[in-house]
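# here is my input, please return the structure:
(2 chains)
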2 protein chains.
Amino acid sequence: MIEGHGDDLYKYERPVKVNFSSNLTNWIDPAPLRTFLSERVGEALSVYPEPSPFTLEARLARLLRLLPDNICVTSGATEAIYLVAQSYARSRSAVMQPTFSEYADACRIHGHRVSSLYQWPAHGHLPADVRMVWLCNPNNPTGGVWEKDFLLAQIQKNPDVLFVIDQSYEAFTLAPLFSAREASEMPNVLLLHSLTKRYAMPGLRLGYLTGPASLVAHLRTHRMPWSVNGVALAAGMFLAEHPEALPFDLPGCLAEKERFVSRIRAAGGWDVWDSDTHFFLVRLRMGCASALKDYLMREHGLLIRDASNFEGLDSAFFRVSTQRAEDNDLLVEALIRWMED
Amino acid sequence: MIEGHGDDLYKYERPVKVNFSSNLTNWIDPAPLRTFLSERVGEALSVYPEPSPFTLEARLARLLRLLPDNICVTSGATEAIYLVAQSYARSRSAVMQPTFSEYADACRIHGHRVSSLYQWPAHGHLPADVRMVWLCNPNNPTGGVWEKDFLLAQIQKNPDVLFVIDQSYEAFTLAPLFSAREASEMPNVLLLHSLTKRYAMPGLRLGYLTGPASLVAHLRTHRMPWSVNGVALAAGMFLAEHPEALPFDLPGCLAEKERFVSRIRAAGGWDVWDSDTHFFLVRLRMGCASALKDYLMREHGLLIRDASNFEGLDSAFFRVSTQRAEDNDLLVEALIRWMED
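Modelled structure (predicted):
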């Protein structure tokens, strides 16, 4: 999908005062990374990046207690999604919906037959011809986390099915998830990871996937050289060597999320879905999210994500990412104003 | 191909004094772009890039006197190569060899049957089942340019064949080539372009392809969102708005190439191929290019491109990219020393 994602501020003439529309949060201050890159960008742009980013892969592998054969650094988690779909072209995929649209899009582009599942099949038996299951954990846009033991049981019960689990938001939940090390010891799991969200650098495109060496080797035979740009690689090395350079108070952010959600709920007029992470879905009882989005941007410079184009959702849904308290209060006030209009 | 390209300085401990190994030249000074980006990188990394880079496409289209429908901006020319191969997956491709290895690699990854042609078939008739022809113009690694009228005649004679012409080095020759405008009016031609080489920014990954709107629309349905990073887009907008920011004295560079080649020829021991651009192939009469490459790097800090892995070449070939005269003289002296050893 090209149009219809969040963070579409490029469409508006008015500057965005607070951006709730992507799943980034201003609880993370990218200043140290900005400073590093403004000094290093000249050098990074003037040489070819490594054709395949082995140096960064080796460095991340050490951090994650993996072997370099278990990891593949990609141009954002998006390249990982498309690379997996391409490497198993014309497979038969099930996507746990509602979720990020790119899994189904990537599968369709690469000739998969794709079906949508809205709940796990009773007795845990997937349709017999399904060969791949795609899910997002924590899930975008709902913010829900799959119970770890339940997932593990399904993975073991379906050894012929490849589970592609997008953990792009793993740094944003306290719920238990698979570690890269755990997943790499399972023969039928690939985990997708994002550095974009945790380090607030969506412009750079940097992610990675982890899994058993046999699957990672298969994926590597399908990728193009130089897919990860040199500035992203420089940023990745900086972050791997200074993992605490951009601190993030996850408990504080999640506590603020609870306060934010309580205030929105108290204002009435919508239902807020429970979420295990910093972003959450809201469903209007009346009116449509696209009109609310236009109002908030036009009158208040606040950008939300119209979530009506997620498969399985409708025109009443929008998604909000928790920001600093004073910013969140601006959105609450604006929502109250909209209700009063 | 992941290993075996030029610009492999990341493999050496010793710093590279002069890099002749990629097709970049230090006749172009990237300082103005570096300055711009060191100020802008913080902003560019903190927001998602446009999912599909329509704004830059529209700007470049204006410069090239095209419609935005005729252009697709890509993550380097490499993404353009892989996107074309993918969009016509399982086709039947002929590659004019020796040339850049990525055409054949991309075609194979996407299930094409691939054959190599070392000269144009007599009478201009391609093998009957060939549906795509890939060529590089000026050609990497030979530096040769296809005669424009000859190419035009072949394109017209084979209306059912798609011609994919990589003009990544178009800024580095005085020989006549197709303009993007001319090619976009032909129904069976796609041109690939690179901003990397002309603006000396290989770390950023920025290229584009041009062609008739129907073909470009087909390609667009096969691409992933956010493939072009935000720093590359910022650089692209800067260059589109300041096309003279990084001046390049092409006649001066080509005159220096002639002087450089004459000195190498005069030293004896090798044959230098005629080239229409700033880089050229050299064939050793004795010994192999990999040994020479190691010697030059170890003893002199000079990096050349061992060209033995280009299909159709052998272990005696290396490729050199013209640099400033004083740098070129270092290579000539080092070659003479190697001969004497």
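
# which stretches of chain A form helices?
Ranges of helices in chain A, per DSSP state H, are A:31-46, A:54-64, A:76-87, A:102-109, A:148-157, A:180-184, A:213-220, A:230-241, A:250-267, A:289-295, A:325-340.

# any chance of the ones you listed in CSV, plus distance to residue B:314 and mean neighbour count?
In this view, the C-beta of every residue, glycine as well, is placed from N, C-alpha and C. Conversion of the helices of chain A to CSV gives the following (distance: least, C-beta to C-beta, whole Å; neighbours: other C-beta atoms under 10 Å in any protein chain shown):
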stretch, distance to residue B:314, mean neighbour count
helix A:31-46, 32, 19
helix A:54-64, 28, 18
helix A:76-87, 33, 26
helix A:102-109, 39, 22
helix A:148-157, 50, 14
helix A:180-184, 41, 20
helix A:213-220, 28, 16
helix A:230-241, 32, 22
helix A:250-267, 58, 16
helix A:289-295, 62, 17
helix A:325-340, 64, 16
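
# spatially central residue for chain A, please.
Chain A has residue A:168 as the residue nearest its centroid, 4.0 Å off, counting by C-alpha atoms, centre = their mean.

# so who does that residue touch?
A:77, A:136, A:140, A:192-194, A:196-197, A:207 (C-beta atoms under 8 Å, 6 or more residues apart in numbering or on different chains).

# before we move on, what about residue A:236?
In this structure, residue A:236 makes contact with A:53, A:56, A:59-60, A:73, A:195, A:206, judged by C-beta under 8 Å, 6+ apart.

# now for residue A:22: which residues touch it?
A:6-7, A:202, A:305, A:321, B:48.

# apply 6 Å and report the result again.
Counting by C-beta atoms under 6 Å, 6 or more residues apart in numbering or on different chains, residue A:22 makes contact with A:6-7.

# before we move on, what about the one 10 residues further on?
With contacts defined as C-beta under 6 Å, 6+ apart, residue A:32 is in contact with A:245-246.

# pLDDT score assigned to it?
Listed pLDDT for residue A:32 reads 94.

# from residue A:242, how far out is it?
8 Å (C-beta to C-beta, to the nearest Å).

# the helix or strand of chain A with the lowest mean pLDDT to helix A:230-241, inter-axis angle?
Of all helical and strand segments in chain A, the minimum by mean pLDDT, DSSP states H and E falls on helix A:31-46, at a mean of 92. On the basis of axes from the mean of the first three to the mean of the last three C-alpha atoms, to 10 degrees, helix A:31-46 is oriented at 140 degrees to helix A:230-241.

# that older thread, which of the contacts of residue A:236 sits closest to chain B?
Among the contacts of residue A:236, residue A:206 lies closest to chain B (C-beta to the nearest C-beta), at 9.0 Å.

# for the contacts of residue A:236, give me CSV that also has pLDDT and distance to chain B.
Putting the contacts of residue A:236 into CSV (pLDDT from 0 to 100; distance: C-beta to the nearest C-beta, whole Å) gives the following:
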residue, pLDDT, distance to chain B
A:53, 95, 10
A:56, 97, 11
A:59, 97, 13
A:60, 97, 17
A:73, 98, 13
A:195, 93, 11
A:206, 96, 9
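
# now, which of those sits nearest residue A:276?
Proximity of the contacts of residue A:236 to residue A:276 (C-beta to C-beta) peaks at residue A:195, which lies at 20.9 Å.

# residues contacting that closest one?
The neighbours of residue A:195, taking C-beta under 6 Å, 6+ apart as the test, are residue A:206.

# and it, how far from residue B:164?
Counting by C-beta to C-beta - residue A:195 and residue B:164 are separated by 34 Å.

# in space, what's closest to residue A:160 - neighbours in sequence excluded?
Ranked by C-beta to C-beta, 6 or more residues apart in numbering or on different chains and with sequence neighbours excluded, the top spatial neighbour of residue A:160 is residue A:131, at 7.2 Å.

# residues near the closest residue to residue A:181 other than its chain neighbours, how many?
Spatial nearest neighbour of residue A:181, excluding adjacent residues (C-beta to C-beta, 6+ apart): residue A:65 at 5.1 Å. Residues lying near residue A:65 (other C-beta atoms under 10 Å in any protein chain shown) number 11.

# hang on, isn't residue A:65 packed against residue A:182?
No. At 10.3 Å, residue A:65 and residue A:182 do not qualify as touching, with contact defined as C-beta atoms under 6 Å.

# overlap of the contact sets of the two?
Common neighbours of residue A:65 and residue A:182 (C-beta under 6 Å, 6+ apart) do not exist.

# ok, the closest residue to residue A:219 other than its chain neighbours - contacts?
In space, and not counting its chain neighbours, residue A:219 is closest to residue A:87: 4.9 Å by C-beta to C-beta, 6+ apart. Counting by C-beta under 6 Å, 6+ apart, residue A:87 touches A:218-219, A:222.

# will you turn those residues into TSV that also has pLDDT?
Shown next, in TSV, are the contacts of residue A:87 (pLDDT from 0 to 100):
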residue	pLDDT
A:218	97
A:219	97
A:222	95
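
# of those, which is the nearest to chain B?
Nearest to chain B among the contacts of residue A:87, counting by C-beta to the nearest C-beta, is residue A:222 at 5.7 Å.

# so for the nearest residue to residue A:150 once chain neighbours are set aside, what's the pLDDT?
Of all residues not flanking residue A:150 in the chain, residue A:120 sits nearest, at 7.9 Å (C-beta to C-beta, 6+ apart). Note for residue A:120: predicted pLDDT of 93.

# for residue A:120, phi and psi?
phi -70, psi 140 (degrees, to the nearest 10).

# and it, how many neighbours?
Applying other C-beta under 10 Å, we find 16 residues neighbouring residue A:120.

# likewise for the one 3 residues further on?
Neighbour count of residue A:123, defined by other C-beta under 10 Å: 6.

# if I pick it, what's in contact with it?
Residue A:123 sits next to no residue when contact means C-beta under 6 Å, 6+ apart.

# relative to residue B:30, how far out is it?
On the measure of C-beta to C-beta, residue A:123 and residue B:30 end up 62 Å apart.

# thinking again about what came up before, partner residues bridging the nearest residue to the residue nearest to the centre of chain A once chain neighbours are set aside?
Nearest residue to residue A:168 in three dimensions, chain neighbours excluded: residue A:194, at 3.8 Å (C-beta to C-beta, 6+ apart). Beta bridges link residue A:194 to residue A:207, judged by DSSP bridges.

# tell me which residues touch residue A:194, please.
Residue A:194 makes contact with A:77, A:168, A:207 under the criterion C-beta under 6 Å, 6+ apart.

# how about the helices of chain A in TSV, adding distance to residue B:214?
Shown next, in TSV, are the helices of chain A (distance: least, C-beta to C-beta, whole Å):
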stretch	distance to residue B:214
helix A:31-46	35
helix A:54-64	40
helix A:76-87	24
helix A:102-109	19
helix A:148-157	45
helix A:180-184	44
helix A:213-220	33
helix A:230-241	34
helix A:250-267	48
helix A:289-295	32
helix A:325-340	44
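
# which of those has the lowest mean pLDDT?
Of all the helices of chain A, the minimum mean pLDDT falls on helix A:31-46 (a mean of 92).

# could you check how far the nearest residue to residue A:210 once chain neighbours are set aside is from chain B?
Distances taken as C-beta to C-beta, 6+ apart put residue A:180 closest to residue A:210, at 4.1 Å, once the chain neighbours are dropped. Distance of residue A:180 to chain B, given as C-beta to the nearest C-beta, to the nearest Å: 23 Å.
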